[in-house]
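Visitor: Need the 3D shape of this:
(one chain, ligands or ions: 1)
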Amino acid sequence: MKVLTNNKEEVRRFVMELLLIGIRSPSTHHVCLPRCCFRVARSSRRNAKGIFNRRYSSLPGEIKSLRTIINPDISKIRNIGIMAHIDAGKTTTTERMLYYAGYTRALGDVDDGDTVTDFMAQERERGITIQSAAVTFDWKTHRVNLIDTPGHVDFTVEVERSLRVLDGAVAVFDASAGVEAQTLTVWRQADKHHVPRICFLNKMDKSRASFSYSIESIKQKLKVKPLLLQLPIGTGKSFNGIVDLVTNEKVLWHPKSVDDDDGAVFSRDPLMPTEDHELFKEAKDARYNLIEQVADLDDEFAELVLETLSENVDAVPADRLNAAIRRVTLAQTAVPVLCGSALKNKGVQLLMDAITKYLPAPNECQHDFIHCYGDDLCALAFKVVHDKQRGPLVFVRIYSGTMKPQSAIYNVNKNCTERMSRLLLPFAEQQIEISALQAGNIALAVGLKQTATGDTIVSSKSSAAAAACRTGKKSGKKYKEQEDPMLAAVEIPEPVFFCTIEPPSMAKQPDLDHALTCLQREDPSLKVKIDPDSGQTILCGMGELHIEIIHDRIKREYGIEAYLGPLQVAYRETIMQSASSSDTLDRTVGGKRNLVTAELSVHPWLGEGTMSTPLIEISDLLIEQLSKETLHAVENGIQNSCLQGPLLRFPVQDVVVVLQCLSVHPGTSLAMICACVSRGVQKALKQAQSQVLEPVMSLEITVEEDYLSVVLADLAQRRGSIREIQNRQDSCVALASVPLAEMMSYSTALRTLTSGNATFTLELSSYEAMTPQDQKVLFNNVMGDA
Ligand SMILES: Nc1nc2c(ncn2[C@@H]2O[C@H](COP(=O)(O)OP(=O)(O)OP(=O)(O)O)[C@@H](O)[C@H]2O)c(=O)[nH]1
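Guide: Numbering: from 1, shown residues only. The predicted model follows:
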């Protein structure tokens, strides 16, 4: 982008035009407040204030966002995510960051439904994050690309795919609760992607907030070494500042007036022993501990302390300590911990400083395959959203090279070339058009019709081939065996719920199919299948809320009043013993004889973990005798036969299929081979003592002590087993395992039982064998419905 004027008015007009190109027209559909999800109070706290009345400083009157369109030096970029348990305060913290960075002129409030990042109508109404939103802002010479991720367990795939493209993350905690269930899940996801983290203990203003309790729970539950960089000043309502242990300064927030306390004004003064002796002593000890801890983890810093400063540890310069904390954070041997209150506007500026100081720049992270592309373009599509006017918008993380609009790109996964019309910089629901963007950035590509979440985008097919060659050379493989030069995509967990979905009339079926295709491209955790017997469309999702939101989106965004059948649990089947079978298919079609005989056996999988698709074993001798196409048809036949088990037609898991013999008459079609093998496997499965497996959930309920016994009694009725009961500040936390089938509409039940004094999270733990009695009940139910 070129800005060829110094005239401020012209620049303003120009920015206005750019923003107008990018502004997505908000949905104008009006709907009743939907059923509540797991939280009770939030939506009722919503006030009548309009949700589209936010003021963006990038609109006329400000030129701040112009800075965001200039390509910064890669060392100044921070691609970070903000992640936590539901309700910890991620969106509120993000709002404050945008405000202090000068990108919004009013402080958005989740409870008023007017935050920048929660821009979907459902997010604003329910006060929860559903989609991760990317925002870009500059902070003290750094460019921050920040992704606000959802906390609700039904949307963990959103977190997963965001983490895939991030270089660092901020984990936000509710300081009155410490580490909660979903924090553990997202923490493990971040571990998997080796993402360096900073912890932010939010909600320090709450009366139950406890700095020490939260630190202890980070140590115990996350099994990491917290580096305390700050101490809170005051507790609960009187929390008004922080001791910065790195600089040894007292940071205090001063309200401008009683009505205007945006937290923008704060003082920083050296901590003096004369002012507050207790605090001074506490901070001195804490700083000493910090220095000792960092020295233990970083040799360079240890040398400095031992050789030059051992006599006077207090004199350790802040910049040297900061540099060592950065190294430790990047090495992931410890995690810096900061605190504050996003809602009360305290501590967020220091968190922003910490993001730029301690989290890595893109060029400090190791990403697979990047070296093979050199200076050529290599990017990963990590999210797709459908815009009515502009079609699919693809969020990409650029790993190498430069991305330009009006250019062709090659999609390695789809093996196709596509044309990108425009390139945008995302700012929540707004975007700014840009002429080029370099490695390290996150951008939004317009015009890509084939690209889906998880696809690798490069400049051309020849560039991908050259990268494949380099990958092959590096790993010493022969050309034919080279790995695809693709970035690892996101792992999608299997859905646990399903239901039928029907259009209001047959004429609307194509529209519904289109809506489902678009939604699936956006959300890979949504699966759509056709029931082979009834021909009905089946929607499979990660939870009740997930399916409810999809249903709602079909109505609002695509204008289709689709009907959902009752929500059903996605059971599985497995086998308890081995069995063999032989099948012959002899059919003449169009004068051509198709004759095939398959001999095979099925066995229970006894290895570790779950095998959701069958493990196929074929002897080397047989592989040599069969053509590649025949082997492919065999594989398809085996996979197809395991899609519906012999008991209740649920998918079969943990099965090994051994093909012993396959004789094929010349001229037999591949479809006949596939059908014969499939029939053979089904025959064998029928004899192998099948068993239904049901999803068992890990349940965490936080409840006031007075209601604990009633909650536990109810869980017993639901076939639940209590694993542990913990005390957390003034409440209890019950950890239990409960079959998913017993948890339908649990939020309503729990609300009634506890008068709204409990919250819970639910996560898939495992698939477990049902008892014969439970299996019989299920059998009767399913057969009764059929
Ligand atoms: N007392 C207090 N409340 C806060 C603070 N930060 C956020 N909240 C409140 O906590 C609730 C949840 O805040 P959000 O910012 O939506 O939390 P979130 O983590 O983004 O929530 P999800 O995205 O839905 O998981 C809202 O009612 C906020 O007003 C804080 O510092 N102190």
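
Visitor: Which part of the stretch 301-450 of the chain gets nearest to the ligand, residue-wise?
Guide: When you check the stretch 301-450 of the chain against the ligand by C-beta to the nearest ligand atom, the closest residue turns out to be Leu343, at 3.3 Å. No exception for glycine: its C-beta is placed from N, CA and C like everyone else's.

Visitor: Could you grab the helix/strand/coil label for that residue?
Guide: Here Leu343 takes the coil state, with states given by DSSP: H, G, I helix; E, B strand; the rest coil.

Visitor: Can you say which helix or strand has Asn71 in it?
Guide: Using DSSP states H and E, Asn71 falls within no helix or strand.

Visitor: Please give the number of neighbouring residues around it.
Guide: 17 (other C-beta atoms under 10 Å).

Visitor: hang on, the earlier thing: settle this for me: the residue of the stretch 301-450 of the chain closest to the ligand is touching Glu95, isn't it.
Guide: No - using C-beta atoms under 8 Å, Leu343 makes no contact with Glu95, being 9.6 Å away.

Visitor: The two: which has the busier surroundings?
Guide: Under the neighbour definition other C-beta under 10 Å, Leu343 and Glu95 were set side by side, and Glu95 has more, 28 against 21.

Visitor: Give me the pLDDT value at that one.
Guide: Predicted confidence (pLDDT) at Glu95: the value is 86.

Visitor: Mind listing the strands the longest strand that the chain contains pairs with, and their directions?
Guide: Identified as the longest strand of the chain according to DSSP state E is strand 690-704. In the sheet, strand 690-704 lines up against strand 572-575 (antiparallel), strand 731-739 (antiparallel), strand 758-769 (antiparallel) (DSSP bridges).

Visitor: Now it: average pLDDT?
Guide: 89.

Visitor: now do stretch 234-254
Guide: Taken as a whole, stretch 234-254 has an average pLDDT of 91.

Visitor: where's that stretch relative to the chain centroid, distance-wise?
Guide: Put simply, stretch 234-254 sits 33 Å off its chain's centre (C-alpha atoms, centre = their mean, to the nearest Å).

Visitor: Pull out the buried residues from the biggest helix by length in the chain.
Guide: Longest among the helix segments of the chain by residue count, using DSSP state H, is helix 277-297. By neighbour count on 16 or more other C-beta atoms under 10 Å, the buried set for helix 277-297 is Leu279, Phe280, Ala283, Lys284, Ala286, Arg287, Leu290, Ile291, Gln293, Val294, Ala295, Leu297.

Visitor: ok, and what's touching it?
Guide: Contacts to helix 277-297, defined as C-beta atoms under 8 Å, 6 or more residues apart in numbering, come from residues 225, 227-229, 231, 233, 243, 245-246, 248, 250, 271-273, 301-302, 305-306, 313-314, 316, 321, 324-325, 328, 331, 333-334.

Visitor: Next SSE downstream of it?
Guide: Moving toward the C-terminus from helix 277-297, the next helix or strand (DSSP H and E) is helix 299-308.

Visitor: Next secondary structure after that next one?
Guide: Per DSSP H and E, helix 299-308 leads on to helix 318-331 as the next helix or strand towards the C-terminus.

Visitor: what sits up against the next helix or strand after that next one?
Guide: Helices and strands here follow DSSP H and E; after helix 318-331, the next one along the chain is strand 335-339. With contacts defined as C-beta under 8 Å, 6+ apart, strand 335-339 is touched by 171, 175, 197-202, 204, 211, 215, 218, 222, 224-230, 232, 242, 325, 329, 347, 350-351, 354, 358.

Visitor: Quick check: most distant residue from the centroid of the protein.
Guide: Distance from the centre of the chain peaks at Gly591, with 54.9 Å (C-alpha atoms, centre = their mean).

Visitor: got the domain boundaries for this protein?
Guide: Following automatic domain parsing, one gets these domains for the chain: 1-66, 71-364, 370-481, 497-558, 573-688, 692-785.

Visitor: for those, which one sits closest to Leu567?
Guide: In terms of C-beta to C-beta, the element of these nearest to Leu567 is domain 497-558, at 5.0 Å.

Visitor: tell me the mean pLDDT for the closest one?
Guide: 86.

Visitor: Please state the offset of it from the chain centre?
Guide: On C-alpha atoms, centre = their mean, the centre of domain 497-558 falls 21 Å from the chain's centre.

Visitor: Also stretch 570-583?
Guide: 34 Å.

Visitor: Sort out which residues of that stretch are buried, please.
Guide: For stretch 570-583, using 16+ other C-beta under 10 Å, the buried residues are Ala570, Tyr571, Arg572, Glu573, Thr574, Ile575, Ala579, Ser580, Ser581, Asp583.

Visitor: Apart from its neighbours in sequence, what residue is nearest the third one?
Guide: Which is Arg572. Setting aside the residues directly before and after it, Arg572 is nearest to Leu693 in space (C-beta to C-beta, 6 or more residues apart in numbering), at 4.3 Å.

Visitor: Stretch 189-208 vs the ligand: in contact?
Guide: Yes - Stretch 189-208 reaches the ligand (C-beta under 6 Å from any ligand atom) through Asn202, Lys203, Asp205, Lys206.

Visitor: what sits against the first one?
Guide: If a contact means C-beta under 8 Å, 6+ apart, then Asn202 has Ala88, Gly89, Thr92, Thr93, Val172, Phe173, Asp174, Ala175, Cys339, Gly340, Ser341, Ala342 as its contacts.

Visitor: Among the residues you listed, list the two that are farthest apart in space.
Guide: Greatest spatial distance among those (C-beta to C-beta): Thr92 and Cys339, at 14.6 Å.

Visitor: how many neighbours does Thr402 have?
Guide: Counted with other C-beta under 10 Å, residues neighbouring Thr402 total 16.

Visitor: per-residue pLDDT, it?
Guide: According to the model, Thr402 carries a pLDDT of 90.

Visitor: ok, it - contacts?
Guide: So Thr402 contacts Leu377, Ala436, Leu437, Gln438, Ala439 (C-beta under 8 Å, 6+ apart).

Visitor: Just the buried ones from these?
Guide: Buried subset of the contacts of Thr402 (neighbour count, 16+ other C-beta under 10 Å): Leu377, Leu437, Gln438, Ala439.

Visitor: Show me these that map onto strands.
Guide: Of the positions in these, Leu437, Gln438 sit in strands, assigned by DSSP E.

Visitor: okay, the angle between the longest helix of the chain and helix 318-331?
Guide: 50 degrees (axes from the mean of the first three to the mean of the last three C-alpha atoms, to 10 degrees).
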